[in-house]
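K.L.:
got a predicted structure here, sequence first:
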Amino acid sequence: MTEAILECQQLSRVYQDGAHQLRVLDGISFTIRKGEMLAVVGSSGSGKSTLLHCLGGLDQPTSGQVLFEGKPIQRWSANHLADWRNRELGFIYQFHHLLPEFTALENVAMPLLIAGMSAKDARIKAQGLLERVGLQDRGTHRPSELSGGERQRVAIARALANSPSVVMADEPTGNLDDVTAKQVFSLMQELNREFATAFVIVTHDRTLAAQLPRTLELHHGQLLPATAEAPL
């Protein structure tokens with residue numbers, strides 16, 4: 001069996017809304033393995049984004065735990081978590097979240113600089129990543145000068161900057177037209193094969209999810225029985 005990278009065990013997240021409790025996640029357990037592509041599908045409000053936030057240490061679960069290479073991330077300090085996210089995780093969002101005042105090249109280089117790489121080396125690596133996603137001639141353009149598909153390609157290059165173990169993509173094609181969405185999805189598949197980086201793709205698009213080797217389905221914060229996973 002392929003090595004486990006990230007795992008959640010009985011993960012629950014409850015928010016307090018006045019006198020009422022809102023249970024967004026309820027006892028979620030599954031494993032992400034090295035180099036796999038996994039889809040998490042569900043309707044709006046099913047808990048998909050909250051699940052990604054807990055997996056990435058951006059939100060704390062109310063109960064249960066997240067393990068990275070067998071180590072519970074909830075025990076880490078805020079600084080350790082931030083460093084881990086920068087080095088081991090990549091994030092892609094529906095609306096790309098690029099820094100508008102920086103060029104495409106500078107956006108891709110940012111995680112490398114944060115990790116301590118020299119400006120010269122970060123620039124070289126960022127240029128190589130832009131070339132890999134087909135944007136070698138767009139490095140000096142700011143996000144406002146790029147199309148939606150180009151901005152998302154920059155976001156993918158940025159997510160891969162530090163050669164992460166896992167890339168978490170939250171509706172990465174949700175803001176794109178059908179043709180561009182297919183191109184971006186195909187690019188993620190190519191990069192998964194090329195770099196052996198695991199991808200967790202959260203989406204409401206069942207057609208997209210059906211193209212991935214494994215799909216988990218969330219419904220009102222719970223995994224549907226059909227997606228229950230056998231133990232390692």
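P.N.:
Arrived safely, thanks for sending.
K.L.:
any regions of the protein where pLDDT drops low?
P.N.:
Confidence mapping of the chain against pLDDT under 70 gives the ranges 1-2, 225-232.
K.L.:
longest helix in it, by residue count?
P.N.:
helix 178-195 (DSSP state H).
K.L.:
which residues touch that helix?
P.N.:
Helix 178-195 has contacts (C-beta atoms under 8 Å, 6 or more residues apart in numbering) with 35, 37, 132-134, 147-149, 152-153, 156, 160, 163, 167, 169, 172-173, 176, 197-199, 201, 208, 211. (C-beta placed from N, C-alpha, C; glycine too.)
K.L.:
parallel or antiparallel, list what pairs with the following helix or strand past it.
P.N.:
Next helix or strand after helix 178-195 toward the C-terminus (DSSP states H and E): strand 198-203. Sheet pairing for strand 198-203, assigned by DSSP bridges, gives strand 37-41 (parallel), strand 166-170 (parallel).
K.L.:
so who does the residue nearest in space to the middle of the chain touch?
P.N.:
Centroid-nearest residue in the chain: residue 168, 1.1 Å away (criterion: C-alpha atoms, centre = their mean). By C-beta under 8 Å, 6+ apart, the contact list for residue 168 reads 52, 55, 56, 89, 90, 91, 92, 200, 202.
K.L.:
ok, the last one - contacts?
P.N.:
This means residue 202. Contact analysis of residue 202 by C-beta under 8 Å, 6+ apart lists 39, 40, 41, 48, 49, 51, 52, 168, 169, 170, 171.
K.L.:
the same query, at a cut-off of 6 Å, please.
P.N.:
Residue 202 makes contact with 40, 48, 52, 170, according to C-beta atoms under 6 Å, 6 or more residues apart in numbering.
K.L.:
secondary structure class of the third one, three-state.
P.N.:
On the three-state scheme (DSSP: H, G, I helix; E, B strand; the rest coil), residue 52 is labelled helix.
K.L.:
need the contact list for it.
P.N.:
168, 170, 202.
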